[in-house]
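Engineer: A predicted structure for the sequence below; I have some questions about it.
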Amino acid sequence: MRLAAASTAIAATTAVMLFGAATTAHAANGIVNAQNNTGFVQYIDSGDKVKVCDTKKNDDGVIGWIAVRQSDGKYKNYPRIYAGGAGKCVTKTQDVTPENTSIILTACSVSGAKGTPYSCGSKIIKGS
């Protein structure tokens, strides 16, 4: 009887080691640059943080946002984040739901916080 119980426990432990325990799936971390390399947007899964950085000294800033895939397959845009001034970064927490889904990151140059975005780069990061 003990041998059977021990064999069952070993098999269960081996299955968890090989396939992982059942956990909530999350999107991966990711980063995308504006096409003209003036800044970037980064998604940080731990804490659902979105970081937008302006990396080039010029008269424009960088605006970035995420769009999260919903259960109906459509993407929901989250609020845009603006960072203006070389070396400036802005990080905001944006509650990403559902958790196990794809996210589109978009980074653009922009003339002022309310200007028209241009030279946008985007990237899809897959849920896991």
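Structural biologist: Perfect, I can see it now.

Engineer: what is the residue lying closest to Ile125 once chain neighbours are set aside paired to in the beta sheet?
Structural biologist: Excluding the flanking residues, the one nearest Ile125 by Cβ to Cβ, 6 or more residues apart in numbering is Gly30, at 3.6 Å. Yep, even glycine has a C-beta here, placed from its N, CA and C like the rest. On the basis of DSSP bridges, Gly30 is bridged to Tyr43.

Engineer: what does Lys76 give?
Structural biologist: Residues in beta-bridge contact with Lys76 (DSSP bridges): Val68.

Engineer: Please, where are all the helices along this structure?
Structural biologist: In the chain, the helices defined using DSSP state H lie at 2-19.

Engineer: now the residue positioned nearest the centre of it: how far from Ala67?
Structural biologist: By Cα atoms, centre = their mean, the chain has its centre lying nearest to Tyr43, at 3.1 Å. Distance, Tyr43 to Ala67, using Cβ to Cβ, to the nearest Å: 11 Å.
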